[in-house]
Each structure stands twice: as structure tokens, then as C-alpha cells.
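Q: Pasting the sequence and the predicted coordinates here, then a few questions.
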Amino acid sequence: MKSIVTPSGKPDLTRRTFLRNTAATGAALSYTKMAAHAAAGAPEGSDTLKVALVGCGSQGGILKGASLRIPGIKFVAVCDLWEKKAITMARAIGGEVKPYTTMDEMFKAHPEIDCVLIAAPDWLHAPFSRKALEAGKQVYCEKMMSNSLEAAADMVRAQRETGHLLQIGHQRRSNPRYQFMRNRLLREKNLLGQITHLYGQWNRSVKMPFEPKGGIPQEVLTKNGYVDMFQFSNWRSYKKYGGGVISDLGAHQIDIFNWLLGTTPRSMIASGGIDYFKNLPLSGGGTFSYEQLDNAAVVYEYDVPVYEGGVPVMEGDKPKTHLVRAMYQVLTTNGSQNYYEKVMGVEGTIVISEQPVYNQVYREKDTTGEKVGMWEQLARQGFLRKPPATVYNKFWERPKAWNIPDKWLAKEGTQDVRVSIPADPYELPAMPKELDEKPPHQFHLENFYNTVRAGGKQSDLNCPVSEAYKCAVSVLKINEAVATGRRIDFQPSDFVVS
């Protein structure tokens with residue numbers, strides 16, 4: 001197995017690293033090795049895990065579909081307050097899967113359950129996770145951890161008290177392309193030089209709310225804390241139930257900021273509002289308004305340790321740091337360029353996304369000498385690849401400039417002094433077909449299930465609940481920053497549950 005190099009520069013060949021990388025890569029040419037590791041972990045009959053799904057909406061369906069692609073996973077029960085959803089999900093899975101409307105009823109009927117997948121609304125993540133952990137189950141809970149920091153902290157405490165596994169669904173941490181970028185290109189090869197900025201966005205076109213026709217009886221909704229069927233169906237945008245789009249969408253990418261940099265932000269400023277989804281008409285008459293932000297723009301500041309040769313540079317008794325700013329935006333009124341993350345350093349840029357269309361790496365043209373040779377060598381070795389040249393078969397396909405520049409501007413290497421020379425394009429290497437065809441959540445679920453089978457520890461998970469709590473703080477404080485219009489200054493203790 002190819003070793004992973006830690007920030008200390010030493011190879012990490014521990015059992016923990018093997019578990020973490022069962023669904024991750026160590027080098028461009030190790031994608032295939034990663035597939036072999038996953039196959040080696042394929043269970044035999046005695047390793048079958050009995051799984052229950054709590055929350056049978058769209059995200060529950062995604063977890064169900066990805067889990068069923070993994071050998072040795074057997075669903076025995078599903079649970080949803082909306083009985084029709086639970087019945088439909090049970091039928092979709094097939095076999096002897098039983099539907100339930102409460103977890104208590106499900107656990108009583110199925111003491112054999114090993115693992116619980118929780119895809120309920122955010123406000124229920126904490127009580128449902130605690131209930132499952134205290135019942136002796138291993139838990140995979142979707143992000144966001146919760147819509148409140150108090151509830152998120154209780155999830156950390158519940159895991160500590162029970163000693164059972166609790167993985168949070170920030171699935172990019174298990175994605176082989178993301179792990180390859182972080183572990184090999186950024187940390188081992190220092191491809192981009194000093195990182196100066198991160199950027200992420202999730203832009204989505206206008207998506208009108210779901211207007212259910214019938215569903216759960218009002219007395220059942222009231223008993224379970226819901227105002228009505230409309231808010232039950234559109235819970236993400238109401239403060240009692242969810243954190244809005246910055247939590248639903250932004251949490252994925254803000255978590256990646258912390259993960260890539262290996263630290264938490266020191267400060268944050270934010271701007272946003274409910275600029276569109278207010279007093280809009282419903283098809284059945286009346287209007288609706290959301291309570292959570294429908295757009296936000298955020299800037300984080302990080303103090304990132306400086307490494308030389310894999311060893312932190314010290315200033316006295318403290319590590320030397322440099323400033324990195326991370327900028328994030330989420331829109332729900334325009335889908336331009338969808339979602340992606342960008343890592344920018346003084347010597348290059350990487351653009352990446354769960355959508356493989358964003359797969360670009362750019363070397364700064366101002367980079368010279370030894371560094372240029374390193375990029376070329378990495379391309380020859382397969383760590384990078386050169387994109388194929390575009391071939392135009394018809395004259396009308398050829399792009400034409402709106403105007404012809406002066407000849408002196410058209411010369412190679414000549415530029416306006418205010419404009420950087422265009423960057424040299426590369427791409428991340430392609431994954432083999434057997435990995436490329438896996439849905440994004442499968443890698444993260446494999447890490448969870450394999451850790452359960454191995455009798456692993458919380459630290460063997462790619463996103464243990466204590467790590468996810470750091471993201472919850474980074475994300476949920478955005479609402480406070482927008483409401484007050486003030487800068488948020490963090491302390492390291494803010495990201496730790498006592």
C-alpha cells in the first residue's frame with residue numbers, strides 16, 4: 001500500500017489511515033489501488049450489517065441507493081413520520097423491510113439493527129442520534145449536524161457517553177479526488193506553493209416550494225412539533241427546523257475549507273438576506289415567506305501553519321502562520337456555474353467539484369525554473385494531465401473575437417501590465433471507471449460501514465462528529481453575523497465541546 005505523508009513528513013501506515021483511505025486515494029496512480037482496498041474490505045456472509053433508515057425523503061433515498069451498492073448491507077426497517085413515505089421506501093428497497101413511523105417502535109421490533117442512517121430534518125438530528133446511540137446502534141447522520149449549536153454539542157456528548165460511532169455526512173472528505181488533491185498535490189507536493197485564498201460557491205436557480213396535497217393529519221403534525229404540512233415539507237427554510245441554504249448547501253464546502261487547511265477560522269464577516277423568497281404567491285392561493293437567508297456571501301480568515309520540508313516553522317515557541325482568506329457565496333436565484341471549490345496559491349490554482357466537469361489545475365505563468373519542471377514531471381508521472389487540444393471540424397465552430405486587437409497586444413507573451421499572463425492549464429487525473437461510476441455518498445458510507453465491521457474507533461471515521469462540530473460553528477455563526485452586521489471573532493475553544 002502506498003503510504004500517505006502526514007504534515008510532519010513521516011509516512012502514516014497505521015490501521016487508522018487504512019480505514020480512512022478504504023474509499024480514498026493516495027496518489028494519482030493509486031486510484032486503482034484504492035479500488036483494490038475497497039474490494040479487500042468486501043464482507044462475507046457473516047459480515048452482513050443490518051441497517052435502518054430514518055427519514056425517507058430525497059436525501060434518505062440517496063443514502064439508500066448508495067448503501068445498496070455496497071456488498072453486505074441489508075436494510076431491515078425504515079422510519080418516517082409520514083407513513084406513506086415509509087411504506088413507499090420499504091417497497092422500493094424490497095425484501096422483508098418493514099416501515100415504521102417512530103424510532104421507538106422500530107427499535108422494539110428490530111433489536112438486531114446494527115447501523116442507523118439518519119436523514120430526518122436538521123432539528124431532529126440531535127435527539128434521533130442520541131436515541132440511536134443509547135440503543136446501542138452505530139450512527140451515520142446527515143449534515144448539517146443541527147440547526148443550533150446547543151443541539152450539535154449534544155451530539156458530540158452523546159457519542160462520548162455511549163462510545164458508539166457517529167459519522168456526519170460531509171461526504172467530500174471521503175471523495176478520492178478530494179483526498180488526492182489534499183494529501184498528494186497540496187501537502188506532499190506543495191503544488192500551489194503558499195495557499196493564499198479559497199473560494200467556493202453553490203448557485204441554484206429559483207426553486208419554488210413543495211405544496212403537498214394532503215399527507216400527515218394535523219393532530220399528528222402538531223404533536224410532533226410542526227406548524228403545518230407546508231412547513232413540514234419545506235423545513236429547511238424555517239428557523240425551528242433547519243438552517244436555510246447556507247446550512248443545507250454551504251455546509252458541504254465550508255467544511256472543506258476547514259479540512260483542507262487543517263484548522264478553523266479566526267474571524268468571519270458575512271452579508272445576506274431574504275431578498276427573493278418573501279410574500280410570493282402559492283399555486284393554491286395565498287402567499288409564503290421563508291425565515292432563513294436565501295443568499296449569503298461570507299469571508300473567513302485563517303491562520304495557517306507554515307511548513308518547510310514537512311516540518312512546521314517555529315517563531316519562538318509558537319508555529320509560524322500565514323493568512324488565508326476563504327470566500328463563499330450561496331444563491332438561490334441564479335444557477336450560474338453551479339457549485340465548485342477553488343484553491344489558489346502563489347504558483348497555481350485547483351478547481352474541483354463533486355461534478356467532474358470542474359477538474360481544472362492551472363500553473364501561474366509567472367512561475368519559472370525548477371517549479372515549471374516539477375509541474376511537467378508530475379504530468380509525466382500521472383499526478384496531473386494535460387487537457388487534449390480542442391479540434392474544430394467546421395469553420396463555424398471556431399471561436400471568433402468580437403474585435404481584432406492591435407498587433408502588439410496579440411503577440412505571445414505580451415500583455416497589458418495590469419493583466420497576468422494566462423495560466424497554463426492542466427487537469428486532475430481521471431479515476432478508473434469502477435470508481436468514477438460510484439455516487440459521491442458511497443465512498444463516505446463505505447468508510448462508515450468498514451469502520452463498523454473492523455470494530456474501529458471514532459477517529460477512524462473520515463468525518464467524526466467532533467470534526468463536524470467545527471463546521472457547524474463556522475456555518476451557523478453566519479446567521480449571527482448577518483443579523484448583527486458585525487465581524488465574528490472566534491477563539492479556538494469555540495470549536496471544542498467541553
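A: Thanks, I have the structure now.

Q: mind checking pLDDT for residue 27?
A: Note for residue 27: predicted pLDDT of 45.

Q: Next: residue 40.
A: For residue 40, pLDDT reads 35.

Q: Residue 9 too?
A: 40.

Q: And the residue nearest the centre of the chain, how far from residue 297?
A: Centroid-nearest residue in the chain, with C-alpha atoms, centre = their mean: residue 252, separated by 3.4 Å. Remark: distance between residue 252 and residue 297 (C-beta to C-beta, to the nearest Å) = 17 Å. To be clear about C-beta, it is placed using only N, CA and C from the backbone, and glycine gets the same treatment.

Q: ok, and for stretch 233-252, which residues are buried?
A: Residues of stretch 233-252 classed as buried: 233-238, 241-252 (neighbour count, 16 or more other C-beta atoms under 10 Å).

Q: Am I right that residue 180 sits in a helix?
A: Yes: checked against DSSP: H, G, I helix; E, B strand; the rest coil, residue 180 lies within a helix.

Q: Just list whatever residues bridge to residue 79.
A: residue 54, residue 100 (DSSP bridges).

Q: from memory it sits against residue 101, does it?
A: Yes: under the criterion of C-beta atoms under 8 Å, residue 79 makes contact with residue 101 at 6.8 Å.

Q: So which of those two has more stuff around it?
A: More neighbours surround residue 79 than the other of residue 79 and residue 101, with 28 against 17 (other C-beta atoms under 10 Å).

Q: Now for the more buried one: which residues touch it?
A: 52, 53, 54, 55, 56, 86, 99, 100, 101, 102, 103, 106 (C-beta atoms under 8 Å, 6 or more residues apart in numbering).

Q: could you flag which of these are buried?
A: Buried members of the contacts of residue 79, scored by 16+ other C-beta under 10 Å, are 52, 53, 54, 55, 56, 86, 99, 100, 101, 103, 106.

Q: Which one of those is nearest to residue 279?
A: Nearest to residue 279, judged by C-beta to C-beta, of those is residue 55 at 30.5 Å.

Q: can you pull the pLDDT of that closest one?
A: 98.

Q: Pull up the overlap in contacts between residue 79 and residue 101.
A: Listed as contacting both residue 79 and residue 101 by C-beta under 8 Å, 6+ apart are residue 86.

Q: Secondary structure element holding residue 61?
A: Using DSSP states H and E, residue 61 sits in helix 58-68.

Q: For residue 326, which three-state class applies?
A: Under three-state DSSP, residue 326 comes out as strand.

Q: so it touches residue 197, yeah?
A: Yes: contact criterion C-beta under 8 Å: residue 326 and residue 197 qualify, at 7.1 Å.

Q: Neighbour count for these two, which is higher?
A: Counted by other C-beta under 10 Å, residue 326 and residue 197 do not tie: residue 326 has more neighbours, with 26 against 15.

Q: So what sits opposite the more buried one in the bridge?
A: Here residue 326 sits in beta bridges with residue 198, residue 300, going by DSSP bridges.

Q: what does the domain assignment say about this structure?
A: Using automatic domain parsing, the domain ranges for the chain come out as 4-171+438-464, 176-433+472-495.

Q: re the thing from before, pull the CA atoms of the helix holding residue 61 into CSV?
A: C-alpha atoms of helix 58-68 as CSV (Å, rounded to 0.1, in the frame of the first residue of the first chain):
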residue,chain,number,x,y,z
SER,A,58,-34.9,12.7,-1.1
GLN,A,59,-31.7,12.5,1.0
GLY,A,60,-32.8,9.3,2.6
GLY,A,61,-33.3,7.9,-0.9
ILE,A,62,-29.7,8.9,-1.8
LEU,A,63,-28.3,7.1,1.2
LYS,A,64,-30.4,4.1,0.5
GLY,A,65,-29.3,3.9,-3.1
ALA,A,66,-25.6,4.3,-2.3
SER,A,67,-25.8,1.8,0.5
LEU,A,68,-27.4,-0.9,-1.6
